[in-house]
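>>> this one's sequence-less:
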């Protein structure tokens, strides 16, 4: 069972999320909060597996709330909820450490899938905006973005599976590798591409056309 905390300042949005998630027996909505500060307090009390975190909220926005939560010893996975228009906000969520983002107009099946993937330790980036976020990455980094040509064939296989939302254990199973070997490949991918986490690596994969 995956415990989910809903953090959004709009009650109507929270009601809609409950209607979408409640029919799924593997998802348990453990609580709600209407701003980032209350979301932090609720997450630390209720210990959800996944926090659905709105970005634009009063008191404390979702990006800052994510930063605070991910400094905890055993933080939840944070899945950012946002709109299509604001590229800086999308990048800010990733930079803060969110496992990914789902757009508020995404199909219900995508939202459920994003939560399940995130709960397993994977990452979810809506492909409709991944390339736009990559453009923001280019503007913010001092050095040129590394080509995927620096990766070995095996590393490209691993990156493609990471981009599909697969966890280390799932990648190990599909490629008949040990989890330790998979972790080694992922570390090498991060180093070669100059990224620090899975969402940033996934964006590079989309940008290079490795996945669509």
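Thanks, I have it. All figures in this text were calculated on a predicted structure; none of them were measured in a lab. Numbering: from 1, shown residues only.

>>> okay, CA-based contacts and neighbour counts for the rest of this
Will do.

>>> helix or strand with the lowest mean pLDDT in the chain?
For the chain, using mean pLDDT, DSSP states H and E, the weakest element among its helices and strands is helix 127-140, scoring a mean of 65.

>>> for the closest residue to residue 54 other than its chain neighbours, name its beta-bridge partners.
Spatially, and ignoring its direct neighbours in sequence, residue 54 is nearest to residue 81 (4.6 Å; C-alpha to C-alpha, 6 or more residues apart in numbering). For residue 81, the beta-bridge partners are residue 54, residue 102 (DSSP bridges).

>>> buried residues in the helix or strand just after the least confident helix or strand of the chain, which are they?
Where DSSP states H and E defines the elements, the next helix or strand beyond helix 127-140 is helix 153-163. Under the neighbour-count criterion of 16 or more other C-alpha atoms under 10 Å, helix 153-163 has 155-163 buried.

>>> equivalent analysis for stretch 189-197, please.
Those would be 189-190, 193-195, 197, for stretch 189-197 by 16+ other C-alpha under 10 Å.

>>> how long is that stretch from one end to the other?
One end of stretch 189-197 to the other measures 10 Å (C-alpha to C-alpha, to the nearest Å).

>>> residues touching that stretch, excluding its own?
145-148, 150-151, 155, 159, 201, 204 (C-alpha atoms under 8 Å, 6 or more residues apart in numbering).

>>> average model confidence for it?
Stretch 189-197 shows a mean pLDDT of 86.

>>> which residues touch the residue nearest to residue 54?
52-55, 101-104.

>>> among those residues, which one lies nearest to residue 10?
Nearest to residue 10 among these is residue 54, at 9.4 Å by C-alpha to C-alpha.
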